[in-house]
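Peer 1: Can you look at this prediction? I've put the sequence above it.
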Amino acid sequence: MPIPEDWLVPDWPSPAGVRAVFTTRSGGVSALPFDRLNLGDHVQDDPVAVATNRARLAGATGVRPVFLKQVHGVAVATLDTRTLDGGEADACLSTQPGVACTIMVADCLPVLFTNSAGSVVAAAHAGWRGLAGGADGQGVLEATVAAFVQAAQQMDASAHRDRIIADMLVWLGPCIGPEAFEVGSEVLSAFVLRDPAAQRAFVPHPVGGEKYLANLSALARLRLSAMGIHHVYGNDGTPVWCTATQALRFFSHRRDAVRLGSTGRMAACIWRV
């Protein structure tokens, strides 16, 4: 099947040998509240419908997407054509064609990576916990970049880390937007203690109290910039990218889980051809 018109194909200067896509609700067979293209097998949807939806994703992309067990951590899995679904990680990387690095989201930020040569592709699941990281402040983006550099150096031992990083291209997909992502002071602290500039990505909530509205894509851009990555495309925090407010197009855990009991999952995929 062709890629549905409603899916997002990243608008970025990726090389000819790299493809990427972000799914929406369109193109699947799941019933309410997972209508229609739910790709998550852990959200109480009909397993047959999920399998059908995943097969449709594979058919539209022409490659096999590898689905991870995501836990809001920082582990990075290396994929090849033999990798099975279900490995526990929140990011993945590949240097081989025929397999799609795949991240599922329903409010968290999907982040796709490649380089100008298209020799390495990677995808990361950046909710606020994974983005903030642990006590050392090293989150899923830092872990993914480190794995990317290692993979590039394995292909070219003379490649310098700084040159590899400067050559990286990154695309940010849809996530819960800064008008909808309400967080507590502990989330603000997790970012600001590491980088005071992160304060700019938080706005006091209009209702007051210890609540803030957070801009996930801005926080990701700050982390990427701090690593020396400046070729960043996609989500700029405007409403068109917001999973919570674009209900006809996107699933949103925060919007739907309490009201409907659950919600589906979308996928960001990147692969070499």
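Peer 2: Looks like it came in fine.
Peer 1: okay, how far is it across stretch 71-86, tip to tip?
Peer 2: Length of stretch 71-86, first residue to last, Cα to Cα, to the nearest Å: 11 Å.
Peer 1: Which positions within it qualify as buried?
Peer 2: By neighbour count with 16 or more other Cβ atoms under 10 Å, stretch 71-86 contains the buried residues Gly73, Val74, Ala75, Val76, Ala77, Thr78, Leu79, Thr83. Backbone N, C-alpha and C define where each C-beta goes, glycine included.
Peer 1: For the last one, list the residues it contacts.
Peer 2: With contacts defined as Cβ atoms under 8 Å, 6 or more residues apart in numbering, Thr83 is in contact with Val66, Ala77, Val99.
Peer 1: Read off the pLDDT value for the spatially closest residue to the second one that is not a sequence neighbour.
Peer 2: Across the structure, with Cβ to Cβ, 6 or more residues apart in numbering as the measure, the residue nearest Ala77 apart from its sequence neighbours is Ala89 (3.9 Å). Reported pLDDT at Ala89 in the predicted model: 98.
Peer 1: residue contacts, Ala89?
Peer 2: Residues in contact with Ala89 (Cβ under 8 Å, 6+ apart) are Leu68, Lys69, Gln70, Gly73, Ala75, Val76, Ala77.
Peer 1: Would you check how far apart it and Trp128 are?
Peer 2: Relative to Trp128, Ala89 is positioned 18 Å away (Cβ to Cβ, to the nearest Å).
Peer 1: cool, Arg36 as well?
Peer 2: 28 Å.
Peer 1: higher neighbour count, the two?
Peer 2: The residue with more neighbours, out of Arg36 and Trp128, is Trp128; 21 against 16, by other Cβ atoms under 10 Å.
Peer 1: The residue nearest in space to the middle of the chain and Ala157: what is the separation?
Peer 2: Nearest residue to the geometric centre of the chain (Cα atoms, centre = their mean): Pro110, 1.3 Å. Separation of Pro110 from Ala157 (Cβ to Cβ): 31 Å.
Peer 1: Cool, thanks, signing off.
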